[in-house]
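Engineer: Give me the fold of what follows.
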Amino acid sequence: MGVAGSTGPVMDRDEVDRALARLGAEHEAIETSLLALQDHAGRRLLEGAELTGVTKERWTATEASIGLLWAYFDAYTDALRTAREVRSRRRWSSREDLVELTELLRGESVTVAGSTTAAVTAHVPEQGLAGAGAGKLSERFTLASLVDRMNELYASSLDMVVTADAVWSALPARIDLLSAELRRTRRLAHDVGVRPGEHPAGDDLDRITHTLSALREQVVSDPLAFWVRAPGSSAPGGGRPDTSTYDREARALEDVRREIDAVLTVRQDAEARLIKLRDLLSRADRTLAEARSARGEVLAKIAATEVPKVSGPPTVLQEQLATAAEYRRRAQWHRLSPLLEALEEKAEDELLRARESLTAVTAPLAVRAELRGRLDAYKAKVARHGLAEDPELVERYERARRMLWSAPCDLRAAEHAVLRYQQAAAEMLGPRVPEQGGTGRAQDGRGPGT
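Structural biologist: Residues are numbered from 1 along each chain as shown. This next block holds a predicted model:
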């Protein structure tokens, strides 16, 4: 077939029918999308909102884009209707009809008034439309390029509408719920004496109140300022609302709520907690006293051993305990609460420190007791095998026993004596020789009970 200008070869009837079917399906899809965009809740909210900032700028451009979309769609509809009318003239289209249809379906057959596109390009230069129709009386498109242009405008318009709607759906309702919880917390805080200027939590409540109020106003007027676009995403609405400010204030309110709960708990069980604190500190004092006494015993009974010193009880804890009792007497719950929490932690630490000190001081006595037990266990083992009267074993046993039951006891020498007794017993009982070790623990691979 011949050539129809710049449109390429003339289409045959089958190609025309397939093209018309495809364009008809595209027309229905575009119309459905445009109607859905027109009825979108986010678009209706944007139309009625008093916008500011980036949202105001984007919505001005988007409104113009939506208007241009309908103008393009009307032009597309007219061109498709014209093509269908030409095709319907005859069941078997003539060559003249096919040439005309080829021009309509593939050529720049769609004309849009330049004033229409110029109105949009004045608002949306960032969309690459500047110069596309600006300063022209009209702009011409092929049906395919017009569809591409409509898809671009639709995607950017839908992105703006969906993004704003997503932020409005996510944040204002959550802020309102948090504000309601904030009001309840403020009333409770006032009842227990947590007030601005008197307690840090009261100051926090004031700050959270002001922050949430400002945040809601900003979200309502400029939702796009609270949108985080997903990296690499080009889909409309690809991203998530920025809830960082809301999340921070929600955590702050939760901290205040825990503080107030602690104050309420203090009011209910302050006396019991004070009694428990006195008991903890008393037990720590007794443990330290026991450690000091044990240190003297160790120094007297164990020779050549480093014994750690034992410090006295910290007087600052007793002073703080007296302050806590005074706060309770004056019903200063908001001051008593943090002091009790700090004291409880310190008292537990103090008792743990006292117990660790007692363990460290008595460690040499524990080593001596372990060596005594090991020596007697091997003696019993030897006796079970009928070797209790062996002169060498008796001599080594007595030497080790004298060292372990004399004062002061040289632990290193006593351990060496016990090990020599073990070695002699092992040689007589079997071929296995106990391993060498210097920790004061049993080293015989078979153990005393084998």
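Engineer: for the stretch 251-400 of the chain, what spans make up the helices?
Structural biologist: When assigned using DSSP state H, counting those that start in this stretch, the helices of the stretch 251-400 of the chain occupy the ranges 315-329, 333-384, 391-404.
Engineer: Who are the packing partners of whatever helix or strand S145 lives in?
Structural biologist: Using DSSP states H and E, S145 sits in helix 143-191. Counting contacts by 3 or more Cβ pairs under 8 Å, 6 or more residues apart in numbering; DSSP states H and E, the secondary-structure elements packed against helix 143-191 are helix 13-39, helix 41-48, helix 53-87, helix 95-106, helix 200-221, strand 227-229, strand 239-241, helix 244-301. In short, each C-beta sits where N, CA and C put it, glycine included.
Engineer: okay, those, which one's buried deepest?
Structural biologist: Among these, the stretch with the highest mean neighbour count (mean count of other Cβ atoms under 10 Å) is helix 95-106, at a mean of 20.
Engineer: Which neighbours in the sheet does the next helix or strand after that helix have, and how are they oriented?
Structural biologist: Secondary structure here is assigned by DSSP H and E; on that basis, the next helix or strand after helix 95-106 toward the C-terminus is strand 110-113. Strand 110-113 has these partner strands in its sheet, going by DSSP bridges: strand 138-141 (antiparallel).
Engineer: in the strand it pairs with, what counts as buried?
Structural biologist: Within strand 138-141, the residues that count as buried by 16 or more other Cβ atoms under 10 Å are E139, F141.
Engineer: what's the answer for stretch 308-326, then?
Structural biologist: Along stretch 308-326, the positions that meet the burial threshold by neighbour count (16+ other Cβ under 10 Å) are V310, P313, L317, Q320, L321, A324.
Engineer: which ones are touching the last one?
Structural biologist: Translated: A324. L274, L277, L336, L339, L340, L343 (Cβ atoms under 8 Å, 6 or more residues apart in numbering).
Engineer: Now do it, the pLDDT please.
Structural biologist: We have a pLDDT of 88 for A324.
Engineer: With adjacent residues omitted, what lies nearest to it?
Structural biologist: Closest residue to A324 in three dimensions, ignoring its sequence neighbours and counting by Cβ to Cβ, 6 or more residues apart in numbering: L339, at 5.1 Å.
Engineer: Neighbours of the residue lying closest to H40 once chain neighbours are set aside, how many?
Structural biologist: Spatial nearest neighbour of H40, excluding adjacent residues (Cβ to Cβ, 6+ apart): V161 at 5.4 Å. V161: 24 surrounding residues under other Cβ atoms under 10 Å.
Engineer: wait, doesn't the residue nearest to A324 sit right on Y327?
Structural biologist: Yes. With contacts defined as Cβ atoms under 8 Å, L339 counts as touching Y327 at a distance of 6.6 Å.
Engineer: Return the residues in contact with R278.
Structural biologist: The neighbours of R278, taking Cβ under 8 Å, 6+ apart as the test, are L321.
Engineer: Can you tell me how far it is from E290?
Structural biologist: Going from R278 to E290 by Cβ to Cβ, to the nearest Å gives 19 Å.
Engineer: Check L277 too.
Structural biologist: Summarising the geometry, the distance separating L277 from E290, computed by Cβ to Cβ, is 20 Å.
Engineer: Ok, E198 next?
Structural biologist: Taking Cβ to Cβ as the criterion, E198 is separated from E290 by 44 Å.
Engineer: and what of E254?
Structural biologist: The span separating E254 from E290 equals 44 Å under the rule Cβ to Cβ.
Engineer: For S157, which of the helices and strands packed on helix 143-191 is the nearest?
Structural biologist: Of all the helices and strands packed on helix 143-191, the one in closest proximity to S157, counting by Cβ to Cβ, is helix 53-87 (4.9 Å).
Engineer: elements contacting that closest one?
Structural biologist: Here helix 53-87 touches helix 13-39, helix 41-48, helix 95-106, strand 110-113, helix 114-121, helix 143-191, going by 3+ Cβ pairs under 8 Å, 6+ apart.
Engineer: For it, give the mean pLDDT please.
Structural biologist: Rounded to a whole number, the mean pLDDT of helix 53-87 is 89.
Engineer: One more: stretch 211-220?
Structural biologist: Model confidence over stretch 211-220 averages 95 on the pLDDT scale.
Engineer: Restricting the selection to alpha carbons, write it to CSV.
Structural biologist: Coordinates of each C-alpha in stretch 211-220 appear next as CSV, following Å, rounded to 0.1, in the frame of the first residue of the first chain:
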residue,chain,number,x,y,z
THR,A,211,3.4,20.9,70.4
LEU,A,212,0.4,18.7,69.6
SER,A,213,-1.8,21.8,69.0
ALA,A,214,0.8,23.3,66.6
LEU,A,215,1.3,19.9,64.9
ARG,A,216,-2.4,19.4,64.2
GLU,A,217,-2.7,22.9,62.7
GLN,A,218,0.3,22.2,60.4
VAL,A,219,-0.8,18.8,59.4
VAL,A,220,-4.3,20.1,58.4
